[in-house]
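*Asks:* Generate coordinates for the sequence data below:
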Amino acid sequence: MFSRRKGFTILELLIVIAVIGILVGIAMPRFKGLQDEGNIAKAKGELRMLQTAVISYQMHNNNTLPAALTQVQSTTPQIAPTVLPTDPFGGAAYGYVVAGDYFVIYSAGPGTTAGTATVTSAGVASDTQKCIYVTNGSPVDTNP
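*Replies:* Numbers count the residues shown, from 1 in each chain. Modelled structure (predicted):
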């Protein structure tokens, strides 16, 4: 009779490892996309919270916008977070720009280069590199 040894041959093990490698290769880009979507949602939520805090600061300080987000934190602790959130894309602080009566708060966004946003004294906000931003002015998409 034929007796078969228990265990796997080298060829069988190599085939299993190759199949697992292919499946991992397919799954990794998809996981990265989901991670970016999660970070975009997180940034949008935090930007809306900071926008509310800046508007509240403005209302309680004779229609004066804060020069920096840290002023919002120290003056309106009931609305602003005790620790300012950091941008999930890069870990730095969110950008904040003021021009006259208008402001823009922005995240660098998921691009390979950090995006920025600007606002004019006429209240027109624009972005570069598709960053994520909120403003009390009129948003304009400069990258259709």
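
*Asks:* For this structure, which segments count as helices?
*Replies:* For the chain, the helices defined by DSSP state H occupy 10-60, 69-75.

*Asks:* Point out the most buried one among those.
*Replies:* helix 69-75 (a mean of 17; mean count of other Cβ atoms under 10 Å). Placement of C-beta: from N, CA and C, glycine included.

*Asks:* so for that helix, what's the average pLDDT?
*Replies:* Across helix 69-75, pLDDT averages out at 76.

*Asks:* by contact count, what packs against it?
*Replies:* Secondary structure elements in contact with helix 69-75, counted by 3 or more Cβ pairs under 8 Å, 6 or more residues apart in numbering; DSSP states H and E, are helix 10-60.

*Asks:* tell me what the helix it packs on is packed against?
*Replies:* helix 69-75, strand 102-107, strand 132-135.

*Asks:* Throw these into TSV and include distance to F89, thanks.
*Replies:* Converted to TSV, the helices and strands packed on helix 10-60 look like this (distance: least, Cβ to Cβ, whole Å):
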stretch	distance to F89
helix 69-75	17
strand 102-107	6
strand 132-135	8
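
*Asks:* Indicate which one of the ones you listed is closest to E37.
*Replies:* Put simply, out of the helices and strands packed on helix 10-60 the one that sits nearest E37 is strand 132-135, at 12.0 Å, with distance taken as Cβ to Cβ.

*Asks:* what's the closest one packed up against?
*Replies:* Secondary elements touching strand 132-135 (3+ Cβ pairs under 8 Å, 6+ apart): helix 10-60, strand 102-107, strand 117-119, strand 124-127.

*Asks:* ok, now with 10 Å
*Replies:* When contacts are defined as 3 or more Cβ pairs under 10 Å, 6 or more residues apart in numbering; DSSP states H and E, strand 132-135 sits against helix 10-60, strand 95-99, strand 102-107, strand 117-119, strand 124-127.

*Asks:* Lowest average confidence across those, which one?
*Replies:* Ranked by mean pLDDT, the helices and strands packed on strand 132-135 bottom out at strand 124-127, with a mean of 79.
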